[in-house]
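Peer 1: I would like to see how this sequence folds:
(chains A, B, C and D)
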Protein chains: 2
Amino acid sequence: MARQNLPAAQRREVTVEAVVDLAATRNPAEITTGQIAEHMHLTQGALFRHFPTKDAVWDAVMVWTASQLTRRLDQAEARGSSPLSALEQMFLAHVDFVVARPGVPRILFGELQRTGDTAAKRSARALIGGYRTRLVKLLDRCCANAELPADLDTEAAATLFVGTIQGLVMQAMMTGDFPAMRAMAGRVFSIYLKGIGGRL
Amino acid sequence: MARQNLPAAQRREVTVEAVVDLAATRNPAEITTGQIAEHMHLTQGALFRHFPTKDAVWDAVMVWTASQLTRRLDQAEARGSSPLSALEQMFLAHVDFVVARPGVPRILFGELQRTGDTAAKRSARALIGGYRTRLVKLLDRCCANAELPADLDTEAAATLFVGTIQGLVMQAMMTGDFPAMRAMAGRVFSIYLKGIGGRL
DNA sequence: CAAAAGATAGTAATCAGTCACTATCTTTCC
DNA sequence: GGAAAGATAGTGACTGATTACTATCTTTTG
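Peer 2: This is a model prediction of the structure:
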């Protein structure tokens, strides 16, 4: 059974998937190029035919993560019949994404922890920053739409939205039970919704 | 004449402080025994006269963190004139602790990311687990006291409490401005308070 | 066949941990 | 009181394992 040689672009995609897979059960900071290669049935040296450095691998992972999350949030937002229901859809979509890919939040946390100015870290910052901005805008639309009080502190509300998901993630990381997030997500979101003065 | 031989117990305390200091500006996962030793003006080898392994250092850091946080939460809770105001005091005390010691949340995140069964990770788990339990009990007392609705989902409320702080921490980590947390803390907490149906 | 992809076998750097030795305390005992 | 003796703390050079990354040879594939 001969191993198949993949074209470079495809090999890069497989590499990103391998990293996300590994991060689901391992500390991202401890993932080595050797482990990545082994997980995709490749030798360690061959990895560097497709990525100039290890950090380039992490950057590719961040780019993939950003595009995946954005795509899911776009779909969720479109599903909402109003700004406020779009907010709820986005919340649930984010939780679903994390449950499906538990490595993602771990990679994001790990990347934000890192110091120095790498491409991967800049991508991570851009992802979270863009997310927050998007939330503030959506919350503003809810206010304009009278679905939320006009005097709502939308910046604080956006921070709390992100924190709400993070609290769920942290609990999942502690218990190791990511699917349980889904059940808790609804309960936590309803408290959040009440906090921002919303009603669905 | 700066050189001085410290007694072992004192040296261990200095070591913990050095680690917490370093974690404020460096990725905890990248802190080496050499960096710790250098920061406390000691040779790397001497560190191992006081700790059998590097993980023992991390465990000592976790024990210190747990005791510090517990002490501050105890004081805050005592300051509260009622269960609900105690909850608010604890929130503010936690934020103050993080602002004073930015390395602490980074260390906690980093420790929870790690895999395998180390003493340090068990301590981290115990800290967060105990915190959550404590919150649920306090929230239950708020309900019994009619300061919060009797039908409040106290487990979800505890999860959100932790997440609220985490959201603030993540924002601080992104901007690098930890003191700004304090201003945002009040704004976010008031949304949280409304969410759990409280009024102060 | 030729170019892309992978295998094999390296290298230099870094890390946690060790060890023989030295410096500095503290206690003992005349 | 003070020197001898033992205990404690620190030094600096080291080791073996691991790491990201590279150089060279081999296989696959269009």
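
Peer 1: ranges for the helices of chain A?
Peer 2: Along chain A, counting by DSSP state H, helices occupy A:8-23, A:33-39, A:44-47, A:54-79, A:83-100, A:103-113, A:119-144, A:154-175, A:180-195.

Peer 1: for B:Val188, find the nearest of those helices.
Peer 2: Nearest to B:Val188, of all those, is helix A:154-175, at 4.8 Å by CB to CB. (Glycine included, C-beta is placed from N, CA and C.)

Peer 1: may I have the closest one as CSV, with CA atoms only?
Peer 2: Coordinates of each C-alpha in helix A:154-175 appear next as CSV, following Å, rounded to 0.1, in the frame of the first residue of the first chain:
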residue,chain,number,x,y,z
THR,A,154,-23.0,47.9,24.1
GLU,A,155,-19.2,47.7,24.7
ALA,A,156,-19.6,46.1,28.0
ALA,A,157,-22.3,43.9,26.5
ALA,A,158,-19.9,42.7,23.8
THR,A,159,-17.2,42.0,26.4
LEU,A,160,-19.6,40.0,28.4
PHE,A,161,-20.8,38.1,25.3
VAL,A,162,-17.2,36.9,24.7
GLY,A,163,-16.7,36.2,28.4
THR,A,164,-19.9,34.1,28.5
ILE,A,165,-18.5,31.8,25.9
GLN,A,166,-15.2,31.7,27.6
GLY,A,167,-16.7,30.7,30.9
LEU,A,168,-18.4,27.8,29.1
VAL,A,169,-15.1,26.9,27.5
MET,A,170,-13.2,27.0,30.7
GLN,A,171,-15.7,24.7,32.4
ALA,A,172,-15.5,22.3,29.5
MET,A,173,-11.7,22.3,29.7
MET,A,174,-11.8,21.6,33.4
THR,A,175,-14.3,18.7,33.1
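
Peer 1: name the helices or strands packed onto that helix?
Peer 2: Judged by 3 or more CB pairs under 8 Å, 6 or more residues apart in numbering or on different chains; DSSP states H and E, the packing partners of helix A:154-175 are helix A:83-100, helix A:103-113, helix A:119-144, helix A:180-195, helix B:103-113, helix B:119-144, helix B:154-175, helix B:180-195.

Peer 1: is any residue of the fifth one near DNA strand C?
Peer 2: No: Helix B:103-113 stays clear of DNA strand C (CB under 7 Å from any atom of the strand), getting no nearer than 13.0 Å.

Peer 1: centre of the chain to that helix, how far?
Peer 2: The chain centroid and the centroid of helix B:103-113 are separated by 8 Å, computed with CA atoms, centre = their mean, to the nearest Å.

Peer 1: write out the residues of chain A neighbouring DNA strand C.
Peer 2: A:3, A:5-8, A:11, A:41-46, A:49-50.

Peer 1: swap the cut-off to 10 Å and go again
Peer 2: Residues of chain A found near DNA strand C, taking CB under 10 Å from any atom of the strand as the criterion, are A:3-12, A:14-15, A:33-34, A:37, A:40-50.

Peer 1: if any of the residues you listed are buried, put those into a PyMOL selection.
Peer 2: Applying 16 or more other CB atoms under 10 Å in any protein chain shown to the residues of chain A next to DNA strand C, the buried members can be selected in PyMOL as follows:
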select buried, chain A and resi 11+12+14+15+33+37+40+42+47+50
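
Peer 1: ok, and which of the residues of chain A next to DNA strand C reach chain B?
Peer 2: Among the residues of chain A next to DNA strand C, no residue lies close to chain B (CB under 8 Å from any CB of the partner chain).

Peer 1: so which of the residues of chain A next to DNA strand C also contact DNA strand D?
Peer 2: Within the residues of chain A next to DNA strand C, those near DNA strand D by CB under 10 Å from any atom of the strand are A:3-7, A:33-34, A:37, A:43-49.

Peer 1: among these, which two are most distant?
Peer 2: Taking CB to CB as the measure, those span a maximum distance of 23.2 Å, between A:Pro7 and A:Gly34.

Peer 1: what's the burial count for the closest residue in space to A:Arg114 that isn't next to it in sequence?
Peer 2: Sequence neighbours aside, B:Asn27 is the residue nearest to A:Arg114 in space, at 4.9 Å (criterion: CB to CB, 6 or more residues apart in numbering or on different chains). Residues near B:Asn27, counting by other CB atoms under 10 Å in any protein chain shown, number 18.
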